[in-house]
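> After the sequence you'll find the predicted model.
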Amino acid sequence: MFRTIVPIHPNKAQIQFESKIVSFGSCFSLNMAKKLGYHKMRTVSNPFGILFHPLAIEKVIRKSVKNELFTEKDFFFHDDKWLCFDLHSELSQPTLDSAVERANQQLIISQKALQSSDFIFITLGTAWVYTHETGKVVANCHKVPQQHFSKRLLSFSEIENSLQSIFQLVNIINPKIHCICTISPVRHLKDGFTENNISKSLLISSLHSVIKKSSHTSYFPAYEIMMDELRDYRFYADDMLHPSDVAIDYIWKRFTESYFCPDCLSILKEVDAIQKGLQHRPFNTNSKSFISFQEQLHKKITLLKKRFPFVEF
């Protein structure tokens, strides 16, 4: 064995196939949400777009829980579109009215997801933040010239307080929800190699400090798996920063082993087989073998939808 395995024990809170899951955070949370979506589980992924630091996640969750609607004052015009420093640029719009409307639509989606979900998946990417000249800590700079911002590292206490607020807010809107927390395995090397390590260490230490005080939170070591089990550049994408598809598949496998109940794991295999069957492209669509294959596939889909009516292929 030429690697060390990160030990992961089965989590007490187990995900069922019918569980509802909402996610907030970095692009890695999006990777996990895509896996959930592929397997036809009920998930709402990053309703406000990718968010990298805890203060950004805290703000949108607070707005969702407190029903603090976005207004025109929250937006500015830049590069031919209306943007908000609290949101990802994917929510930008060509007009101010449409920008406010879109943001509040996402806020409603976030509210409903937080109220009804069984699990919330929170992924922290960095402890580095940018403060606009107005004094506002932003979630995204939106390619506004850098001279309008100052950069700083959040302190341990700032991160700890922010995480405590997140968990308290989530508990207000949904006392039964379980928070699954993780640190993004994506390296933020634009901050610098040492600076990235300082950032990740602050996130890890503050997150564990808060988790110890909460009974409805748990930690999944995605960062540790990437740094230790998969410590080889063959497990990175072409940019040498993000995990490759192979790495994401492996981390997903470790995640399901820890958090998914046995019945759910069995259903995931069924869904995966159906998905691969739907992607199958035969040489002859009129052959008896392919017609029989399609009939069997349709039966599998019908049986699965009888058990879980929310499933759509």
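Received the coordinates, thanks.
> ok, now which ones touch the closest residue in space to residue 310 that isn't next to it in sequence?
Closest residue to residue 310 apart from its sequence neighbours, by Cβ to Cβ, 6 or more residues apart in numbering: residue 42 at 6.0 Å. Placement of C-beta: from N, CA and C, glycine included. Contact analysis of residue 42 by Cβ atoms under 8 Å, 6 or more residues apart in numbering lists 18-21, 310.
> Contacts only, for residue 193.
No contacts exist for residue 193 under Cβ under 8 Å, 6+ apart.
> So it versus residue 199, what's the distance?
Using Cβ to Cβ, to the nearest Å, we find residue 193 at a distance of 11 Å from residue 199.
> Which elements pack onto the helix or strand hosting residue 258?
Assigned by DSSP states H and E, residue 258 belongs to helix 245-259. Judged by 3 or more Cβ pairs under 8 Å, 6 or more residues apart in numbering; DSSP states H and E, the packing partners of helix 245-259 are helix 27-38, helix 262-279.
> residues in contact with that helix?
6, 8-11, 13-15, 31-32, 35, 180, 185, 220, 222, 225-226, 229-230, 234-237, 243, 264-265, 268.
> Could you list the buried residues of that helix?
247-248, 250-252, 254-256, 258-259 (16 or more other Cβ atoms under 10 Å).
> Stretch 218-235 now?
Judged by neighbour count (16+ other Cβ under 10 Å), stretch 218-235 contains these buried residues: 218-226, 229-230, 235.
> Determine how far the last residue of stretch 71-83 lies from the first.
12 Å (Cα to Cα, to the nearest Å).
> Run a quick neighbour tally on residue 97.
11 (other Cβ atoms under 10 Å).
> how much space is there between it and residue 145?
Taking Cβ to Cβ, one finds residue 97 at 27 Å from residue 145.
> One more: residue 126?
21 Å.
> neighbour count winner among these two?
Taking other Cβ under 10 Å, residue 126 and residue 145 do not tie; residue 126 has more neighbours (24 against 8).
> That one contacts residue 53, correct?
Yes: Residue 126 is within contact range of residue 53, at 5.5 Å (criterion: Cβ atoms under 8 Å).
> Between those two, which contacts overlap?
Shared contacts of residue 126 and residue 53 (Cβ under 8 Å, 6+ apart): none.
> Send me stretch 141-160 as CSV with only the CA atoms.
Taking Å, rounded to 0.1, in the frame of the first residue of the first chain, the C-alpha atoms of stretch 141-160 are listed here in CSV:
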residue,chain,number,x,y,z
CYS,A,141,-15.2,41.4,-6.7
HIS,A,142,-16.9,41.0,-10.2
LYS,A,143,-13.7,42.2,-11.9
VAL,A,144,-14.0,45.7,-10.5
PRO,A,145,-10.5,47.2,-10.5
GLN,A,146,-8.4,46.0,-7.5
GLN,A,147,-7.6,49.6,-6.3
HIS,A,148,-11.2,49.7,-5.0
PHE,A,149,-10.5,46.9,-2.5
SER,A,150,-8.3,45.9,0.4
LYS,A,151,-7.4,42.3,1.1
ARG,A,152,-7.1,40.8,4.6
LEU,A,153,-7.1,37.4,6.3
LEU,A,154,-10.1,36.7,8.7
SER,A,155,-9.1,35.9,12.2
PHE,A,156,-9.9,32.7,14.1
SER,A,157,-12.5,34.5,16.2
GLU,A,158,-14.1,36.1,13.1
ILE,A,159,-14.5,32.8,11.4
GLU,A,160,-15.7,31.0,14.6
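> Give me the contact list for it.
Contacts for stretch 141-160 (Cβ under 8 Å, 6+ apart): 53-55, 78-79, 83, 85, 89, 92, 127-133, 138, 162, 195, 198-199, 202-203, 205-207, 209-210.
> Just the buried ones among the residues you listed, please.
Using 16+ other Cβ under 10 Å as the threshold, 53-55, 83, 85, 89, 92, 127-130, 138, 162, 195, 199, 202-203, 206-207, 210 are the buried ones among those.
> Just the residues you listed: which are in helices?
Among those, the members found in helices (DSSP state H) are 54-55, 162, 195, 199, 202-203, 206-207, 210.
> which one of those residues sits closest to residue 174?
Nearest to residue 174 among these is residue 210, at 17.9 Å by Cβ to Cβ.
> what's near enough to touch the closest one?
160, 163-164, 167, 217.
> For it, which non-adjacent residue is spatially closest?
The nearest residue in space to residue 210 (Cβ to Cβ, 6+ apart) is residue 163, at 4.4 Å.
> So the one you found sits against residue 207, correct?
Yes: shown here, residue 163 and residue 207 form a contact pair, counting by Cβ under 8 Å, at 6.2 Å.
> tell me, what's touching the two both at once?
Counting by Cβ under 8 Å, 6+ apart, nothing touches both residue 163 and residue 207.
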